[in-house]
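S.K.: With the sequence up front, the predicted model follows.
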Amino acid sequence: MHFTWKTGVGAAMLLASLAVHAGTEEGVASYYADSLDGNPTASGEPYDKGAMTAAHRTLPFGTEVKVTNLSNQKEVVVRINDRGPHAKSRIIDVSGAAAKKLELMDAGTAKVRLDYED
């Protein structure tokens, strides 16, 4: 194949589109009510309060996110399978199981850091 500036730019654009982008966010997390267990999520799978899943407004479904509770340094890895949270002041809703591990059940919310590659 003959390499030209045009094919080089095209190859560079293709590689850039395939690159993994890392991200970090800080904000407030909340968790799903137990009463939502079994309800469909935006991805189509049912919400499972015992699974390590979460809702995020923009990350692709299937993205794994490390969530760190900044008040106690507890961490979990969740998989994005829903859209939300609907409260504008929050950046993620985690499942009941994730909330227990993060120790945010009593307070209902916590300041967290999200680390991910999308």
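M.R.: Cool, the structure landed.
S.K.: Assess the claim that residue 87 and residue 30 are in contact.
M.R.: Yes: with contact defined as Cβ atoms under 8 Å, residue 87 reaches residue 30; the gap is 6.8 Å. In this view, the C-beta of every residue, glycine as well, is placed from N, C-alpha and C.
S.K.: Which of those two has more residues huddled nearby?
M.R.: With neighbours defined as other Cβ atoms under 10 Å, residue 87 and residue 30 compare such that residue 30 has more, 23 against 11.
S.K.: show me the contacts for that one.
M.R.: 85, 87, 90, 92-94, 104, 108-109 (Cβ atoms under 8 Å, 6 or more residues apart in numbering).
S.K.: in what helix or strand does it lie?
M.R.: Residue 30 belongs to strand 22-31 when assigned by DSSP states H and E.
S.K.: Show me the strands paired with that strand, marking each as parallel or antiparallel.
M.R.: If you go by DSSP bridges, strand 22-31 pairs up with strand 90-94 (parallel), strand 109-117 (antiparallel).
S.K.: any weak-confidence spans in this structure?
M.R.: 1-21 (pLDDT under 70).
S.K.: again, only this time at 50
M.R.: For the chain, the stretches flagged by pLDDT under 50 are 1-7, 9, 12-19.
S.K.: Strands of the chain, residue ranges please.
M.R.: 22-31, 53-55, 64-69, 75-82, 90-94, 109-117 (DSSP state E).
S.K.: Most tightly packed of the ones you listed?
M.R.: strand 53-55 (a mean of 26; mean count of other Cβ atoms under 10 Å).
S.K.: Sheet-wise, list the partners of it with their directions.
M.R.: strand 75-82 (parallel), strand 90-94 (antiparallel).
S.K.: Okay then, goodbye and thanks.
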